[in-house]
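Chemist: need a structure here:
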Amino acid sequence: MRVSPPRCRPGTESFAAMGLIGHGLIVHCVAPVRKRDCRGPNGDAQNGGSVKRIHFTAEDLARTRVATTIGVAAETLDTLKLLKDRDASITFRRWHISVRGRLGQQAGPLAALMPIRGPLIDATSLMGDTASIDEAVDNLMAAPRALMRLELENLDFHPTHRSWARNLVDGDREARLQVATALRACHTVTIAPYWSRVHSHLREVRAGYVTTMADGGVEQLLTTLCGSLVRWRPPVLEVVHTRDADIHLNGRGLVIAPTMFSTRQVELLYPPLDPDRAPVLAVPSLSGTSLDTTLWEGVESTAPSLDDLLGRTRAAVLRAAVGGCGTTELARRLHISPATVSHHTTTLRNARLITTRREGKAALHTATSLGLALLGQSPLI
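Modeler: Model prediction:
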C-alpha cells in the first residue's frame, strides 16, 4: 500500500490542504532519516535499527530476476513523498524547484491515499509495473474490489476522508475516477516531463544488474545491492526496516527492480491476491550524494511546445501511441470519437510519426522512431 493524510470527502470539503507524504501496503523498509548508512562496522544494524530477513532457498536463487521499473504509478506516488521531504538530496534539487507549487487541488485524492503513519498503498499491486500512465489508470479502474479492499482497509485515513475511503473500498466508480484524475494530474507535473530520461536511467541500472549476475551470479548481485540498506548473509538478505521480521520466499524467487523517486527506502512488494507470485524488491537507484542532475535539465517546456506544434488532441494521440494503441482504445482514453481518432492518425501517419497495421478488423497505431524523437523519448524496450 501507499498513502498519506487526507482531509475531506470529495463533494464536501476540498482536497486542497492535504499533506503529501507516504508509501504502501507493502513491507516498507525505511532507512533512518539523515543516516545514509545505518550499519555499524560489522554490518549490523545500529541506532536501534531493525531488519527484514528474506530467506532464500536454492530454488529462490534460481528464480530471482531483475525488472526495469516498479511502474510509473508507483513512481508518481513516490514523487509526492519526495516533495514533502525537506532533506531530499541535491540530486533532486532542480526537480524540486521545477515542480514545486505546480500541483493543484486535482492531486488531492492521491494525498488522501498517503497517511502520515502506518501502512501505505502499494501502487504496483493496484496499477501494475507498466511504464504507461494510461495502462496504469486502466488497471486501477479494473482492479478487483477484493484487491482494493486489501490495499485500503488498514490505512490510517484522516477522519474527514473515511467516508470517501469507504466508497473507494466498496468499488464506487466516481471515487476511483477521482483517484485516476489525481494520478494523471500528478504524473503530468512530476513525472511526464522527465520520464524519457528517468526510464532510460532505470534501463541502464537494470542492465548493470544483468551484467553483475552474468559475471558473478545472483549472489554477487545480492552482495552489491544498495550496500547501506541491504546486506547479503547467505542464505538471508537483510533489509533495513522499522521492525524485525522474517520472510520466506518458499521457492517463489524474487524480482529486483530499481526505483527513481523512492530515495530513502528499500521496499518488499507483495501481490496480495497471488501468493504464489514472486514479491518485488524495490531498490533506490540514486544515492543521496549523486550529482547526476542532467536528468532534470532542459525538459520543462517539451510538452507545451509539442501541443503547440501538433495541436493538443493530435499530440495526445501521438503520446498514447507510444506503446501501440487501437482506434477504439484511443477514442476511449482521449474521450473523442473514433472518426476524430482516424482523422488524427491519418495526419500523423502521413507525417511518418506513427505506423498503422491491421490486426483482424482492428487497426493498431504505434509511434515511429521519428515520433518518439519528437516526444523526446528513445524507443521502448
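Chemist: For the longest helix along the chain, buried residues please.
Modeler: As assigned by DSSP state H, the longest helix anywhere in the chain is helix 195-224. Residues 195-199, 201-203, 205-206, 209, 212-213, 218-219, 221-223 are the ones in helix 195-224 that count as buried (16 or more other Cβ atoms under 10 Å). Quick note: C-beta positions are derived from backbone N, CA and C, even for glycine.
Chemist: where do the helices sit along the stretch 51-200 of the chain?
Modeler: In the stretch 51-200 of the chain, the helices defined using DSSP state H, counting those that start in this stretch lie at 58-63, 72-84, 93-99, 108-112, 123-127, 133-142, 145-152, 162-169, 173-190, 195-224.
Chemist: you'd agree His199 is up against Thr69?
Modeler: Yes: counting by Cβ atoms under 8 Å, His199 touches Thr69, with 7.0 Å between them.
Chemist: residues shared between the contacts of these two?
Modeler: Ala131 (Cβ atoms under 8 Å, 6 or more residues apart in numbering).
Chemist: Can you tell me the element Leu364 falls in?
Modeler: With secondary structure defined by DSSP states H and E, Leu364 is part of strand 362-367.
Chemist: Isn't His365 up against Thr347?
Modeler: No: in this structure, His365 is not within contact of Thr347 by Cβ under 8 Å, at 11.7 Å.
Chemist: Look at these two and report which has more neighbours.
Modeler: His365 (25 against 15; other Cβ atoms under 10 Å).
Chemist: Spatially nearest residue to the more buried one (excluding sequence neighbours)?
Modeler: Once flanking residues are discounted, His365 sits nearest to Ala321: 4.7 Å by Cβ to Cβ, 6 or more residues apart in numbering.
Chemist: ok, which stretches of the stretch 251-381 of the chain are helices?
Modeler: Using DSSP H, counting those that start in this stretch, helices in the stretch 251-381 of the chain cover 302-310, 312-320, 327-334, 338-350, 369-374.
Chemist: so how far is the longest helix of the chain off the chain centroid?
Modeler: 18 Å (Cα atoms, centre = their mean, to the nearest Å).
Chemist: show me the contacts for the nearest residue to Ser342 once chain neighbours are set aside.
Modeler: Excluding its sequence neighbours, the residue lying closest to Ser342 (Cβ to Cβ, 6+ apart) is Thr327, at 6.4 Å. With contact set as Cβ under 8 Å, 6+ apart, Thr327 has these partners: Pro338, Val341, Ser342, Thr345, Ala362, Ala363, His365.
Chemist: just the buried members of those?
Modeler: Buried members of the contacts of Thr327, counted by 16+ other Cβ under 10 Å: Val341, Ser342, Thr345, Ala363, His365.
Chemist: which residues does the first one contact?
Modeler: Residues near Val341 by Cβ under 8 Å, 6+ apart: Val317, Thr327, Leu330, Ala331, Leu334.
Chemist: Is there a neighbour count for the residue nearest to the last one when sequence neighbours are not counted? I'd like the number.
Modeler: What that stands for is Leu334. Of all residues not flanking Leu334 in the chain, Ala316 sits nearest, at 5.4 Å (Cβ to Cβ, 6+ apart). Counted with other Cβ under 10 Å, the neighbours of Ala316 add up to 19.
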